[in-house]
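Student: One predicted model, sequence on top.
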Amino acid sequence: MLVPPILAVILGAACADDGDLQRYEASRPSMGTLFQITLYASDATSAQRAFDAAFARVEELNGIFSDYDSNSEANRLSHAAPMERPVQMSKEMGIVLEQSLRLSERADGAFDVTVGPLSRLWRRARRRKELPSAERLQQALAATGYRHVRLDSEKGTAQLLVPDMRLDFGAIAKGFAADETIATLRKLGICRALVNAGGDIAMSEGPPGQTGWRIGIAPLAASDPPSRFLRLANCGIATSGDAWQFVEIAGNRYSHIVDPRTGIGTTDRSSVSVVARDCTTADSLASAITVVGPRDGIRLAEQTCGASCLIVRVEDEQAKTYESQRFPASEPKKG
């Protein structure tokens with residue numbers, strides 16, 4: 001079984017003494033979003049070395065999971081479908097694919113990294129502001145389905161079984177990259193850091209003298225301020241919803257998040273925030289919960305070790321909040 005490195009004990013450089021630490025920030029675009037890193041280091045040279053290593057790791061992962069880079073490992077696998085025999089994967093691909101397929105099974109297909117044909121169809125629909133034709137939708141659905149992936153974790157191989165399959169790691173890869181960035185920083189002795197990958201946030205210890213990082217929960221509408229604040233450390237948090245990416249067609253609002261089972265973009269206005277032990281889990285679980293809705297979503301979160309969720313959605317033109325039992329307590333909005 002492939003073990004995520006974020007769950008392993010990391011033997012790296014010793015952490016710097018808190019009294020010597022200063023705050024440093026840097027950002028760089030990758031994976032279709034902006035990676036922002038905040039860290040505490042003893043000096044600018046140490047900070048720059050950490051930033052260089054962290055962003056280099058992100059670029060390595062982009063070369064594996066990118067949907068837009070024709071030479072990425074994900075696209076090479078997709079272009080080889082259907083495969084007559086299993087092909088070797090990178091360690092990172094194996095870890096993410098294994099975790100993805102497990103969640104697909106638990107969520108009854110509401111999360112599915114083979115959703116690529118549907119994702120491409122809806123990108124075109126958003127550009128043209130017209131629904132996909134029934135024929136194209138059926139063609140895309142025929143090429144979608146996590147059960148069409150044969151994974152051998154022991155041998156590190158995968159096999160895509162039907163024609164025109166296309167992997168899309170958009171709902172998990174950024175979370176994984178954020179976790180890997182934190183792991184890279186730890187190896188360099190940077191033990192107080194936060195990585196924001198377009199809203200998917202991984203963090204280690206909080207700033208010196210604080211119990212954690214102050215994190216604002218994304219609102220239901222993009223123009224609104226954070227709905228609440230949390231104090232978090234050594235975990236991941238991700239928010240999924242249609243506040244920023246949606247299209248209106250014939251009076252209906254469709255999210256960029258597609259239900260892999262129906263091929264249709266979700267139509268409920270919602271914002272789902274998940275706190276988990278790592279950002280890989282938070283990222284993927286938030287997407288799954290957005291698709292399945294509050295009742296099944298809360299059940300899914302509560303059945304995931306170390307995870308909790310907050311769901312805000314519009315019902316009868318009013319915002320209604322659903323919260324799992326373990327979701328962290330809020331902090332005052334000021335202070």
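Tutor: That came through, no problem.
Student: Strands along the stretch 51-200 of the chain, start to end?
Tutor: Listed in chain order, the strands of the stretch 51-200 of the chain (DSSP state E, counting those that start in this stretch) span 87-88, 149-152, 157-160, 193-197, 200-203.
Student: ok, residues contacting the second one?
Tutor: Outside strand 149-152, the residues within contact range by C-beta atoms under 8 Å, 6 or more residues apart in numbering are Pro86, Gly94, Leu97, Glu98, Leu101, Thr114, Thr157, Ala158, Gln159, Leu160, Leu161. Placement of C-beta: from N, CA and C, glycine included.
Student: Isn't the third one up against Lys91?
Tutor: No. With the criterion set as C-beta atoms under 8 Å, Leu97 and Lys91 do not qualify as a contacting pair; they are 10.9 Å apart.
Student: So for these two, which sits in the more crowded spot?
Tutor: A count of neighbours by other C-beta atoms under 10 Å puts Leu97 above the other of Leu97 and Lys91, at 23 against 13.
Student: could you measure that one against Ala134, distance?
Tutor: Leu97 sits 31 Å away from Ala134 when distances are taken as C-beta to C-beta, to the nearest Å.
Student: again, but for Ala173
Tutor: In this structure, Ala173 and Ala134 are separated by 31 Å, where distance is defined by C-beta to C-beta.
Student: which of the strands of the stretch 51-200 of the chain is buried the deepest?
Tutor: strand 200-203 (a mean of 27; mean count of other C-beta atoms under 10 Å).
Student: Would you state the predicted confidence (pLDDT) at the spatially most central residue of the chain?
Tutor: For the chain, Asp283 is the residue whose C-alpha lies nearest the centre (C-alpha atoms, centre = their mean; 3.0 Å). For Asp283, the model assigns a pLDDT of 98.
Student: swap in Thr267?
Tutor: Reading off the per-residue confidence, Thr267 sits at a pLDDT of 80.
Student: again, but for Pro225
Tutor: Pro225 carries a pLDDT score of 75 in this model.
Student: With Arg124 instead?
Tutor: Among the per-residue scores, Arg124 holds a pLDDT of 88.
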